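Asks: Based on what follows, work out the 3D shape:
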Amino acid sequence: MPKCKFLYRLIRRAILGTASYDAMEKYKFWTEKGLSDLGRRYREQRQSKGYSIDDVVEIIRQKTGKYVSARAIGNIEGCKTEKPNFNTIVALAASEIITDQHGKPLSIYDFIDIASETYKSDDSKKVNHSRDKEMERLICLIKDYMRQEQINEAEFARRCLLPVKIINDILAGRLQDQGELTEQLQFGLLATVLTNPLTGQRFSNEGWIGLMKYCGFEVADTINAPSQERGNELNGVH
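Replies: Numbering: from 1, shown residues only. Down below sits the predicted model:
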């Protein structure tokens, strides 16, 4: 690609702000859900790596020579701005805090894809997207519970005896077997915490099948229900 054309595209991306222009000549508009997912991913990986927001400010300064305020970073992590500054997103990508499942830092183009809900990781390609409506219902149950209890994903995961990664995957619309933690076992543990809006009772009274049926998932009634004890064993709880 000629250098002038490449520079033109970079300038155009910066001017467009919330509408990025990719190599396929298609617009990718940032969405509220996409920006929320990007902020959540950044916050979780920053915290898991032991960095404070002030640490990120310094990392960005060292890598780019630019200053991004802690407030701007916090606003993106908390999805407190509908139109974040494009240069701030570029700086966050340059910090290389968010990595994929192989430990490779995500690029600014990956950030744009996440913010526009078009990001495809290796894991997401394995997901059955025909269950989107069912997943939305499950996600609503989880988010309603966390909002009522005023807790975050980590605390919710602790109460369910599930790894935080699985909870974050579910909230991002990804539900799949994770080693010994099958989908049925995940539902069994979620059922011990979540409440059926129709009855006001925990789904544990109905079992994992009750939770799956409420969300609209197809259920094979011949499958043995996972036990709380099995969940405790897999999570190292005795």
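
Asks: from here on, contacts and neighbour counts on C-alpha atoms
Replies: Fine.

Asks: separation between the residue nearest the centre of the chain and residue 70?
Replies: For the chain, the residue nearest the mean C-alpha position is residue 172 (4.3 Å; C-alpha atoms, centre = their mean). To residue 70, residue 172 is 26 Å away according to C-alpha to C-alpha, to the nearest Å.

Asks: Disregarding residues adjacent in the polypeptide, which is nearest to residue 218?
Replies: Nearest residue to residue 218, sequence neighbours excluded (C-alpha to C-alpha, 6 or more residues apart in numbering): residue 212, at 7.4 Å.

Asks: Counting neighbours, what do you get for residue 41?
Replies: Residue 41 sits with 19 neighbouring residues when counted by other C-alpha atoms under 10 Å.

Asks: ok, it - contacts?
Replies: Applying C-alpha atoms under 8 Å, 6 or more residues apart in numbering, we find residue 41 in contact with residue 98.

Asks: That one - that's part of a strand, no?
Replies: No: under the criterion used here (DSSP: H, G, I helix; E, B strand; the rest coil), residue 41 is helix, not part of a strand.

Asks: pLDDT below threshold where in this protein?
Replies: By pLDDT under 70, the low-scoring segments of the chain are 1-27, 81-82, 120-130, 220-238.

Asks: Strands of that one, residue ranges please.
Replies: 19-21, 27-29 (DSSP state E).

Asks: show me the contacts for residue 153.
Replies: 146, 164, 167-168.

Asks: quick one: the residue nearest to residue 177 when sequence neighbours are not counted and residue 146, what's the gap?
Replies: Distance criterion C-alpha to C-alpha, 6+ apart; nearest residue to residue 177, sequence neighbours excluded, is residue 183 at 5.2 Å. Residue 183 is 21 Å from residue 146, where distance means C-alpha to C-alpha.

Asks: now residue 156
Replies: For residue 156, the distance to residue 146 - C-alpha to C-alpha - is 7 Å.

Asks: out of these two, which sits in the more crowded spot?
Replies: The residue with more neighbours, out of residue 156 and residue 146, is residue 156; 22 against 16, by other C-alpha under 10 Å.

Asks: re the thing from before, turn the contacts of residue 153 into a markdown table, including distance to residue 90.
Replies: A markdown table is the format used below for the contacts of residue 153 (distance: C-alpha to C-alpha, whole Å):
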| residue | distance to residue 90 |
| --- | --- |
| 146 | 31 |
| 164 | 27 |
| 167 | 28 |
| 168 | 24 |
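
Asks: which two in these are spaced the farthest apart?
Replies: Pairwise distances across the contacts of residue 153 peak at 13.6 Å for 146 and 164 (criterion: C-alpha to C-alpha).

Asks: Who wins on neighbours among the contacts of residue 153?
Replies: Busiest of these [other C-alpha under 10 Å] is residue 167, holding 23 neighbours.

Asks: how many other residues sit next to the spatially closest residue to it that is not a sequence neighbour?
Replies: Of all residues not flanking residue 167 in the chain, residue 157 sits nearest, at 6.3 Å (C-alpha to C-alpha, 6+ apart). Neighbour count of residue 157, defined by other C-alpha under 10 Å: 19.

Asks: Check whether residue 157 really touches residue 169, as I assumed.
Replies: No: between residue 157 and residue 169 there is no contact under C-alpha atoms under 8 Å: 11.5 Å.

Asks: now residue 117: how far from residue 38?
Replies: The gap separating residue 117 from residue 38 is 9 Å, by C-alpha to C-alpha.

Asks: of the two, who's got more company?
Replies: Higher neighbour count among residue 117 and residue 38: residue 38, with 25 against 19, using other C-alpha under 10 Å.

Asks: Sweet, I'm off.
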